[in-house]
Each structure stands twice: as C-alpha cells, then as structure tokens.
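[1] Here is my input, please return the structure:
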Amino acid sequence: MVESTVEPILEVSGLVKHYPLTQGILFKKQVGAVKAVDGVDFTLNRGETLGIVGESGCGKSTVAKMLVNLERPTEGSIKFKGEDISKMSGRALKAARRNIQMVFQDPYTSLNPRMTVGDIIGEPYEIHPEVAPKGDRRKRVQDLLDVVGLNPEYINRYPHQFSGGQRQRIGIARGLALRPEVIVADEPVSALDVSVQAQVINLLDRLQDEFDLSYVFIAHDLSIVRHISDRVGVMYLGRIVEIGKDAEIYDHPTHPYTQALLSAVPVPDPDAREHRERIILSGDVPSPTDIPSGCRFRTRCWKAQERCALEVPLLAVPAEFRLVTGPAAHDSACHFAEEKTVVPQEETPEATPDDLADGTE
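    Residues are numbered from 1 along each chain as shown. Prediction:
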C-alpha cells in the first residue's frame, strides 16, 4: 500500500445496474428486474487501494465490469478525472479504456489457449497502436514479463505451459501493457493456492509503487483485503453499507452486516477465538428481484425496528455518533449504528466464513 493523496481519480455516483426480466417469446413483456447494483457511491483517490467485499451475489463483480465498460450502467455516473466515461462511445471511450484496465478472476479462462504469451500481452498494442510501434512491441512484452517476475524468454510459450500463479502474472502484465492509471482487480487471487496468493498480492503491492497505480480490489477474503487496502467498502444486496479506512472498518465495524462478516473470520489465537463473540445471521439473503423496503438488511438484522422498514438508511455517520467515537467514525448505512447491542446466540447451525463471504458472483 502507498500513502494516497486527496485527489480523486475515480468518482462513482448513483451507480445502478438492473437486468430486465421478461415473459413471452414473440411479444416480450417486462415483468420485473434483477437489481444487481442499486445505488453505489464511492471515490478512489490517486495512489489508493479501495477494497470491496461482500458475499456472493452482492453485485461487486458487476460494479467491476461497469468500471471498465464491460457493462453499461442503467443509471449513475463513473467519472475518471472529472469526465463521465459511462456516457462515452466511439473514439472517446476507446481512449478512456486505456486508463482503466482489469485483472480477471480466473487465470485459466481469461487467457486464450490458442495465443502465445507474447500475443496475449501484446494484444492491447493491436487495439491501441499509437502506444507502441510494431518494432518495439516484442521488447515491451519481454520487459513486462520481467516486471511481473517471469522469464522474458517465455514469450513464445502457451498458457497451458504455466501454473495458475504464473498465468495470473501474465494477466497482470496484460493489464499493465497500456500503462493505465487504474487497475480493477476482480477476485485476482481467489482461484490460486494459498501459498501463491501472498506472492501475487505482494506483486500487486510492488507494482502500485512502481507504476503509480490506483486499485479497486474486489475479494471475498477479508484478511487479504485488509492486507492490501487503504479503504474498504462492504457491499450487501447491491449497495455499499459501510465504507471507511481499513483500520476503522476492521477494528470498529458499525454496520451489523460488517460485524457479522468479521465475526466469521478465522482467528489463529485459541484464547482470542474462545472469547470472541460470534454473530450468526438468521434467514437467507433476499432475492435481488424483490428487495425489502427500507433497509435491505433488516430481514436478517437483530437491531431492526419499525423505522428500518420505512426509511432507507443513508451512508453517513450521525453527528452524535461521530462525536462519541472520534477518529474511528466512518460511513455506515444503519439507523442504529451507534447502538452496541449484540445479537443473541441462537440454536442454529454455525456459519462458516464462506457462508458469509464466499466465492465469486
């Protein structure tokens, strides 16, 4: 991680992505919508890493796709250096895409098995020939291989000749080819062995300093997010419910959902594990086609009251709570974030970390 400035390089406001549900074959009629993302706001500062966490289906991968224009928002804006790239098309969009690149989750399917490593990493130069003249491309690809810790002589090999960790390094090299300013990393280590995950995370950390990168880092492993992120946003059912500096989120979580996520993280210290309070959520995540009124977490929340069904909580900190907590205050979309009541332990099967923050979307 690096110390970030206060200059926002990316501003996301009111981001919405709804997928229509239709009936009929010849005469299709819309009967509803899947609200994958339903009003997301955040900023990314230059040189900063923003981690986004949440359980499967919360919409974090859809946000990632919209940031790189693989999906068009239904509503909202994505501003890169003040310009709304979500409304761009043609040459303007092509130019903007140079500055925001993506590292995909699965290194086994994100690389074309019929292309050599040199062709894969050099493909962005075919789309943006102004970045590198043809005579210079092979050298640039070899330099990128060296930067990500691979032998430049591997340039003529194919993806099946590499391990999973090496393939992800190739994907990272491809993302760096156009020298972007923002990298969107969508679960970049979830498909890798634990022993390899730390190596890739350390590589991303080093590249951030070397290339002056800003990251949007999406993951389900809370310990990895804490290691690499400057700030953390927690998503639930299409919205960010809590966001703040990493230490504030992990040490002083205020939203009930964040508290439940963190209580499920394995603790290596037996004494700490024995005295730690577990929060076991009841019920299932509501369907994104039928989101509850008011607070969307209220159907699983032990703090829920009548107000929660009537009012949508804003992503903010009440003034009285900010005065009490001081520097630990951060934004939380909960009407009763200041309350310290703890969920009672019920006779229910114990949830595992994967139940709360599992896999991909």
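[2] make it CA atoms for all contacts and neighbour counts henceforth
    Fine.
[3] Please, where are all the helices along this protein?
    60-67, 90-97, 117-127, 134-147, 164-176, 194-211, 222-228, 246-251, 256-263, 270-275, 306-310, 319-325, 353-356 (DSSP state H).
[4] Against which helices or strands is the fifth one packed?
    Under the contact definition 3 or more CA pairs under 8 Å, 6 or more residues apart in numbering; DSSP states H and E, helix 164-176 sits against strand 100-103, helix 117-127, helix 134-147, helix 194-211.
[5] most tightly surrounded among the ones you listed?
    strand 100-103 (a mean of 24; mean count of other CA atoms under 10 Å).
[6] Direction included, what does it pair against?
    strand 182-186 (parallel) (DSSP bridges).
[7] tell me the average confidence for stretch 174-181?
    For stretch 174-181, the mean pLDDT works out to 96.
[8] start to end distance for it?
    14 Å (CA to CA, to the nearest Å).
[9] residues in contact with the most centrally placed residue in the chain?
    Taking CA atoms, centre = their mean as the criterion, I218 is the residue nearest the geometric centre of the chain, at 2.5 Å. I218 makes contacts with 51-53, 60-61, 64, 184-188, 225, as judged by CA atoms under 8 Å, 6 or more residues apart in numbering.
[10] one step back: between the helices of the chain, which gets nearest to P8?
    When the helices of the chain are compared by CA to CA, helix 60-67 sits nearest P8, at 14.8 Å.
[11] so that closest one versus helix 90-97, what angle?
    Angle of helix 60-67 versus helix 90-97, following axes from the mean of the first three to the mean of the last three CA atoms, to 10 degrees, is 130 degrees.
[12] tell me what helix 60-67 is packed against?
    Counting by 3+ CA pairs under 8 Å, 6+ apart, helix 60-67 packs on strand 29-45, strand 182-186, strand 214-218.
[13] same thing but at 7 Å, please
    strand 182-186 (3 or more CA pairs under 7 Å, 6 or more residues apart in numbering; DSSP states H and E).
[14] how close does the residue nearest to the centre of the chain sit to G122?
    Using CA to CA, I218 is found at 26 Å from G122.
[15] ok, now D186?
    21 Å.
[16] ok, C58 to K35 distance?
    Distance from C58 to K35, by CA to CA: 10 Å.
[17] more neighbours, these two?
    C58 (25 against 21; other CA atoms under 10 Å).
[18] what sits against that one?
    Counting by CA atoms under 7 Å, 6 or more residues apart in numbering, C58 makes contact with 235-238.
[19] any idea which of these is closest to L315?
    M235 (11.6 Å).
[20] That closest one against G54, yeah?
    Yes - with contact defined as CA atoms under 7 Å, M235 counts as touching G54 (4.9 Å).
[21] More neighbours: those two, which one.
    G54 (30 against 23).
[22] How much space separates that one from E7?
    G54 is 26 Å from E7, by CA to CA.
[23] ditto for S77
    In terms of CA to CA, S77 sits 18 Å off from E7.
[24] Which residue of the two possesses the greater neighbour count?
    Per other CA under 10 Å, whichever of S77 and E7 has more neighbours is S77, with 22 against 13.
[25] Not counting its neighbours along the chain, what's nearest that one?
    Take S77 and drop its neighbours on the chain: the residue closest to it by CA to CA, 6 or more residues apart in numbering is S13, 5.4 Å away.
[26] Identify the residues contacting that neighbour.
    Contacts of S13 by CA under 7 Å, 6+ apart are 40-42, 76-78.
[27] Could you work out the most separated pair of these?
    F42 and G76 (11.8 Å).
[28] Those two: who's more crowded?
    More crowded of F42 and G76, by other CA under 10 Å: G76, with 20 against 15.
[29] need the contact list for D230.
    D230 touches 1, 48-50, 245-246, counting by CA under 7 Å, 6+ apart.
[30] Can you give me the separation between it and G51?
    From D230 to G51 the distance is 8 Å (CA to CA).
[31] now R138
    R138 is 34 Å from G51, by CA to CA.
[32] Same question for N202.
    15 Å.
[33] Same question for P8.
    16 Å.
[34] out of those two, which sits in the more crowded spot?
    Neighbour totals were compared for P8 and G51, and G51 leads with 27 against 17 (other CA under 10 Å).
[35] The more buried one pairs with what?
    In beta-bridge terms (that is, DSSP bridges), G51 pairs with F217, V232.
[36] gap between it and L144?
    From G51 to L144 the distance is 25 Å (CA to CA).
[37] can you check Q161 too?
    For Q161, the distance to L144 - CA to CA - is 18 Å.
[38] Over to S61?
    Distance from S61 to L144, by CA to CA: 26 Å.
[39] now do K94
    From K94 to L144 the distance is 22 Å (CA to CA).
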